[in-house]
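Asker: Build me a model from this:
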Amino acid sequence: MSFSVEGTRVTVAGAARSGLAAAELLARRGARVTLSDSRADLPEADRLRRLGIALELGGHTLATFTNADLVVLSPGVPPNKDVVQAARDRGIPVIAEIELASRWLQGRVIAITGTKGKSTTTALTGLMLEAAGFKVTVGGNIGDPLSAQVSASTPDTFHVVETSSFQLEQIDTFHPWIAVMLNLSPDHLDRHPSVESYGAAKARIFENQNAGDFAVINADDPAVLDLARRSRATARQFSMAGSIKDGTVVEGGWIVDRQRDRAQRLVPLDVIHLLGPHLISDVMAAATVSVIAGAAPAAMTAAVGAFRGLEHAMELVADVGGVRFVNDSKATNVESALRSIESFDRDLVPIMGGRFKGGDLRLLREPLKARAKALIAIGEARPLLRAALGDIVEVVEADSLAEAIARAYERAKPSGVVLLAPACASFDMFRDYAERGRMFKEEVAKL
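Answerer: The predicted structure is shown next:
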């Protein structure tokens, strides 16, 4: 444990979950911590001050960053922010919260990234390994931040971590034993200058791996295969299309581990309770990790059988008089929305819109033409949705989520599906995707 912050001045930028956890960890390790946030007040302020953490609220000042010995970034703070760049220009190290936490972990890291399916795969991997009797913590982008897991870390702990491009672009020594890349499609182009830079940030998950590590990669995604080529780790592939000789495939109603001349059945498809065929791919990724870690197929099957999916990810909310309501508020980009839409055959009425993050909405034209009765558009992206899709499906605008649900319900009768698959961020109308999903469920409950 050579890394020490004893007596050093550390500025933590951003006081969401990751920033709070990092600030508390640093304070307990003897650093002189300043937590800087743009909000004017924090509900946790008293607790933080009791730990000796100084608070800078209502904005970031230059001196707080340029007088630090180390700057730790929450994922929500853009790394090109003026004060952050000024610190970098002074030669002050700027690192992600997961980088900080990983320097003190005793156990091995299983890191999962991708444009779509990270949370489901992370949760399922954790459940499979727990069912197999391993000591596991689960978190990162979901659940507890990695900084909150340091105190529970032992040499035999598996830390299953969901990692976003925002976290990975600020790593230095972060070293996963198993790195998983699920898929890659344009996203967060409001923050990354290009698809290439977004992909490069994701690919950093492989950067510090060596031949004793594993890279779990989706063989059906050419972009993933391309990015994984630079990895020094041992590759283990999974493929729903069955395009590989060795790796995890679907065969005879089972997810199977196919290695050279033998095949081991892992999980029967009929125990999977998740809506949408794309989620089978997430189960395959989790099973591939579990094989490497040494979990038995019975443990994997038990975990999958008990898993009913995550909130806001293809979550079946209700059946109201024959109309099903599905909450996929986590579908915040075009690719995610496309997969949601393709999970249904007909009589679909999607609710879409919010703050657009980039990508090509025209990719939704054919899938909607084949399935949708209408599209209900909300938020800032309404004109974009109408321009891209208005000639192939009826686009109905709504000023609120409640109005959108009422209009969608009318059009989905008698036996259709109302699907919240926004293809956009939520920040124009809601605090985050979770608040949007909860409001959807509350409004559906009123029906």
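
Asker: Confirm for me that Asp213 is in contact with Pro176.
Answerer: Yes. In this structure, Asp213 is within contact of Pro176 by C-beta atoms under 8 Å, at 6.9 Å. Bear in mind the C-beta positions are built from the backbone N, C-alpha and C, glycine included.

Asker: Tell me how this structure divides into domains.
Answerer: Domain assignment for the chain by automatic domain parsing gives 9-92, 99-306, 315-446.

Asker: in the chain, which ranges drop under the pLDDT threshold?
Answerer: Across the chain, the ranges flagged by pLDDT under 70 are 1, 186-193.

Asker: make it 80
Answerer: 1-2, 141-143, 185-197, 275-278 (pLDDT under 80).

Asker: What is the longest helix of it by residue count?
Answerer: When the chain is parsed with DSSP state H, its longest helix is helix 278-293.

Asker: just checking, what packs against the following helix or strand past that one?
Answerer: Downstream of helix 278-293, the first helix or strand assigned by DSSP states H and E is helix 297-306. Packing contacts for helix 297-306, counted by 3 or more C-beta pairs under 8 Å, 6 or more residues apart in numbering; DSSP states H and E, involve helix 118-131, strand 262-268, helix 278-293.

Asker: Neighbouring strands - and their directions - for the shortest one?
Answerer: Here strand 262-268 has these sheet partners by DSSP bridges: strand 254-259 (antiparallel).

Asker: Report how many residues lie close to Ile255.
Answerer: Neighbour count of Ile255, defined by other C-beta atoms under 10 Å: 27.

Asker: Neighbour count: Asp213 and Pro176, which is higher?
Answerer: Neighbour count, other C-beta under 10 Å: between Asp213 and Pro176, Pro176 has more, with 25 against 20.

Asker: For the nearest residue to that one once chain neighbours are set aside, give me its contacts.
Answerer: In space, and not counting its chain neighbours, Pro176 is closest to Ala111: 3.8 Å by C-beta to C-beta, 6 or more residues apart in numbering. For Ala111, the contact set (C-beta atoms under 8 Å, 6 or more residues apart in numbering) comprises Gly140, Val161, Thr163, Phe174, Pro176, Ile178, Ala179, Val180, Ile205.

Asker: Show me the residues you listed that map onto helices.
Answerer: Of the positions in the contacts of Ala111, not one sits in helices, assigned by DSSP H.

Asker: now the residues you listed as TSV including distance to Gly358?
Answerer: Formatted as TSV, those follow (distance: C-beta to C-beta, whole Å):
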residue	distance to Gly358
Gly140	24
Val161	26
Thr163	21
Phe174	26
Pro176	27
Ile178	30
Ala179	25
Val180	24
Ile205	22
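
Asker: picking up where we left off before, mind giving me CSV with the helices and strands packed on helix 297-306 and columns for distance to Asp347 and mean neighbour count?
Answerer: Shown next, in CSV, are the helices and strands packed on helix 297-306 (distance: least, C-beta to C-beta, whole Å; neighbours: other C-beta atoms under 10 Å):
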stretch, distance to Asp347, mean neighbour count
helix 118-131, 26, 26
strand 262-268, 30, 16
helix 278-293, 20, 26
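
Asker: Make a markdown table from these and add distance to Ala15 to it.
Answerer: Formatted as a markdown table, the helices and strands packed on helix 297-306 follow (distance: least, C-beta to C-beta, whole Å):
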| stretch | distance to Ala15 |
| --- | --- |
| helix 118-131 | 22 |
| strand 262-268 | 40 |
| helix 278-293 | 31 |
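
Asker: Quick one: closest of those to Thr332.
Answerer: Closest of the helices and strands packed on helix 297-306 to Thr332 is helix 118-131, at 11.7 Å (criterion: C-beta to C-beta).

Asker: how far is the closest one from where the chain is centred?
Answerer: 13 Å (C-alpha atoms, centre = their mean, to the nearest Å).

Asker: Determine the set of other helices and strands touching that helix.
Answerer: Here helix 118-131 touches strand 108-113, strand 135-140, strand 157-162, helix 278-293, helix 297-306, going by 3+ C-beta pairs under 8 Å, 6+ apart.

Asker: which residues sit against that helix?
Answerer: Here helix 118-131 makes contact (C-beta under 8 Å, 6+ apart) with 110, 112, 114, 136-138, 140-142, 158, 160-164, 180, 182, 274, 279, 282-283, 285-287, 289-290, 293, 295, 299-300, 302-304, 306-307, 309-310, 313, 330.

Asker: got the angle for that helix vs strand 157-162?
Answerer: Angle, helix 118-131 to strand 157-162, by axes from the mean of the first three to the mean of the last three C-alpha atoms, to 10 degrees: 160 degrees.

Asker: got the CA positions of helix 118-131 in CSV?
Answerer: C-alpha atoms of helix 118-131 as CSV (Å, rounded to 0.1, in the frame of the first residue of the first chain):
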residue,chain,number,x,y,z
LYS,A,118,-23.4,-2.1,-18.3
SER,A,119,-25.7,-1.9,-15.2
THR,A,120,-27.6,-5.2,-16.0
THR,A,121,-24.3,-7.1,-16.7
THR,A,122,-22.6,-5.6,-13.5
ALA,A,123,-25.6,-6.6,-11.3
LEU,A,124,-25.9,-10.1,-12.8
THR,A,125,-22.1,-10.8,-12.6
GLY,A,126,-22.2,-9.8,-8.9
LEU,A,127,-25.2,-12.1,-8.3
MET,A,128,-23.6,-15.0,-10.1
LEU,A,129,-20.4,-14.7,-8.1
GLU,A,130,-22.2,-14.3,-4.8
ALA,A,131,-24.3,-17.4,-5.6
